[in-house]
Each structure stands twice: as C-alpha cells, then as structure tokens.
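Peer 1: Using only what follows, build the 3D model:
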Amino acid sequence: MIDVLPDRLPWFIGGPILGVLIVGLFAVANQPLGASGAYVQASALVRGRHDAVVWRVWYFVGLFLGGVLATVILRESAGVRSGYDALREAFPLGVAVPLVFAGATLLGYGAAVAGGCTSGHGMCGTAQRSPASVTVTATFMATAIATTFILGILTGGAL
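Peer 2: The predicted model follows:
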C-alpha cells in the first residue's frame with residue numbers, strides 16, 4: 001500500500017532519540033516514560049478518578065493507535081508479520097492462544113508486583129540508577145534468555 005516504513009529504524013537512530021526523550025521528560029516533568037504507568041493512568045481516567053495524569057493517558061492512546069495505524073498501513077506489505085507467526089507455526093492455535101494469554105497475564109502480574117513494566121524499569125529506572133530497576137531488569141532479561149533457550153529446545157529450533 002504505502003511504503004512509509006520499509007525497514008526497521010536502525011538502533012543507532014532510535015536508541016539516542018529514545019534516550020533524549022527519556023532524559024528530557026525527567027528534566028521537564030520529573031516523570032518516567034513507561035507503558036504500564038500510562039495504562040494505569042488511562043484506567044484511572046476510565047474509572048472516573050480525577051487524579052489521572054492526562055498526558056500519560058494520551059501517551060497510552062498514542063501507543064495503541066500507532067500500533068493500529070502501522071498495522072493497517074503496513075499489513076499489505078510483504079514483510080509485515082502479525083507477531084505470532086513463529087508461535088503459530090510451532091504450535092496449533094488451540095495451544096498458541098492459551099500460551100499468549102498466560103504470558104500476557106504473567107506479564108501484567110509481574111509489572112504490578114515489580115512496580116512497573118520492562119520499559120519503565122529497563123530504560124527509565126536504570127537511567128536513574130535505581131537498584132530495584134537494575135535487579136528487575138537483570139531478572140527479566142535472564143528469564144527471557146532462559147525462556148528462548150528452552151523454547152528453542154522444545155520446538156527443535158522452530159521458535
């Protein structure tokens with residue numbers, strides 16, 4: 001359809017832009033930039049709480065709409081995947097859906113217990129030199145590496 005984003009943004013461009021955004025937000029608003037914080041604020045606004053931070057609600061809406069827009073624009077491009085194609089190839093739909101649901105549930109529970117999500121702790125918390133964020137980031141990175149290794153063994157390298 002439209003060749004807006006033919007390739008991924010290179011890390012050496014996206015990384016510094018994200019870093020400047022994170023540091024700039026701390027300098028201007030003394031606030032971290034995290035997805036779970038935006039979700040919590042959007043949820044608070046929907047429940048009618050008047051203490052919701054509105055810019056975080058718009059950030060959450062932008063994350064959602066940006067994903068939808070990119071999917072709609074890029075769906076017809078040959079290289080765009082849904083994100084679960086490898087999982088669907090390795091497991092039948094009846095197994096893949098519960099796996100994704102369980103993973104999302106564990107992710108939400110972990111974000112609640114850890115006091116933030118991977119983006120909040122990994123980028124913002126470690127930038128603040130927070131010992132808790134460094135510990136949480138090391139834990140989820142080690143878990144991701146172990147999970148990838150185990151799935152590779154269980155699926156014969158299909159994932």
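Peer 1: Helix or strand: which one has Thr147?
Peer 2: Applying DSSP states H and E as the criterion places Thr147 in helix 131-154.
Peer 1: From the contact counts, what lies against that helix?
Peer 2: Where contact means 3 or more C-beta pairs under 8 Å, 6 or more residues apart in numbering; DSSP states H and E, helix 131-154 is packed against helix 126-127. C-beta coordinates here come from the backbone N, C-alpha and C atoms, glycine included.
Peer 1: now the helix it packs on: mean pLDDT?
Peer 2: Averaged over helix 126-127, pLDDT sits at 84.
Peer 1: Output the strand or helix carrying Ser43 in PDB with nothing but the alpha carbons.
Peer 2: Ser43 belongs to helix 35-46 when assigned by DSSP H and E. Provided in PDB are the C-alpha atoms of helix 35-46 (Å, rounded to 0.1, in the frame of the first residue of the first chain):
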ATOM      1  CA  ALA A  35       3.900   1.800  29.200                       C
ATOM      2  CA  SER A  36       2.400   0.300  32.400                       C
ATOM      3  CA  GLY A  37       2.200   3.800  34.000                       C
ATOM      4  CA  ALA A  38       0.300   5.000  31.000                       C
ATOM      5  CA  TYR A  39      -2.100   2.100  31.200                       C
ATOM      6  CA  VAL A  40      -2.700   2.700  34.900                       C
ATOM      7  CA  GLN A  41      -3.500   6.400  34.300                       C
ATOM      8  CA  ALA A  42      -5.800   5.500  31.300                       C
ATOM      9  CA  SER A  43      -7.500   3.000  33.600                       C
ATOM     10  CA  ALA A  44      -7.900   5.600  36.300                       C
ATOM     11  CA  LEU A  45      -9.500   8.100  33.900                       C
ATOM     12  CA  VAL A  46     -11.900   5.500  32.600                       C
END
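Peer 1: next SSE after it?
Peer 2: Next helix or strand after helix 35-46 toward the C-terminus (DSSP H and E): helix 54-74.
Peer 1: Next, the buried residues of that following helix.
Peer 2: For helix 54-74, the neighbour count (16 or more other C-beta atoms under 10 Å) marks Arg56, Val57, Tyr59, Phe60, Leu74 as buried.
Peer 1: Could you double-check that the first one sits in contact with Leu45?
Peer 2: So the one you mean is Arg56. No. Using C-beta atoms under 8 Å, Arg56 is not in contact with Leu45, being 9.1 Å away.
Peer 1: how far away is Glu89 from Thr147?
Peer 2: 18 Å (C-beta to C-beta, to the nearest Å).
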